[in-house]
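**Student:** Next one to model:
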Amino acid sequence: NGLEHLLDAVGGTAEVPSTTAVDAMFHSLVSSDNSAGGLFNQLRDPNNLDFRPRDGSVWASKGIGAYKAVGDGGQYWIPGRKEWLPSTPIPPNRATSVKPDADLMFLGAYGAVAHSVWVGSSHEDLQQIAVLTGEANVVSP
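**Tutor:** As a prediction, this is how the structure comes out:
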């Protein structure tokens, strides 16, 4: 995708806010204060499809990226057709590398006015943790 060489670049992160080292990688007359450095350090959990900016990151402070830093009760845009049941969970079903502070997000059901969110370790041990109304699809357990 053209960004492979930037994954190890230093700059544009909370630890190294200066983007000078990253700017030097681009062959243009003007390249300063860019947002390319530390790509995966700027996002919450891109490996599990959460592309919101990480709290306190350079991207969050500058409003960079396709997604806002929405939280509990907010709306996270997920592409795709809405079905009669909620679908496309984020993190994905059976994901094994989920971060401990992950939010649960999903593509809401077509025509639904509310979604009840239940969690548990088995079908017999479910607890309701939220009721989301309208287009809301973010739950912070």
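
**Student:** what packs against the helix or strand where Trp59 lies?
**Tutor:** In the assignment (DSSP states H and E), Trp59 maps to helix 58-62. Contact partners of helix 58-62 among helices and strands, from 3 or more Cβ pairs under 8 Å, 6 or more residues apart in numbering; DSSP states H and E: helix 39-42. C-beta here means a position set from N, CA and C on the backbone, and glycine is covered the same way.

**Student:** what's the model's confidence in the helix it packs on, averaged?
**Tutor:** Helix 39-42 comes out with an average pLDDT of 77.

**Student:** Put the alpha carbons of it into PDB.
**Tutor:** Extracted in PDB, the C-alpha atoms of helix 39-42 (Å, rounded to 0.1, in the frame of the first residue of the first chain):
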ATOM      1  CA  LEU A  39       1.100   5.100  11.900                       C
ATOM      2  CA  PHE A  40       0.100   2.200  14.100                       C
ATOM      3  CA  ASN A  41       0.900   4.200  17.300                       C
ATOM      4  CA  GLN A  42      -1.700   6.700  16.300                       C
END
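
**Student:** Only the buried residues of it, if you could.
**Tutor:** Within helix 39-42, the residues that count as buried by 16 or more other Cβ atoms under 10 Å are Leu39, Asn41, Gln42.

**Student:** Which of those residues sits closest to Glu135?
**Tutor:** The shortest approach to Glu135 among these belongs to Gln42, at 25.4 Å (Cβ to Cβ).
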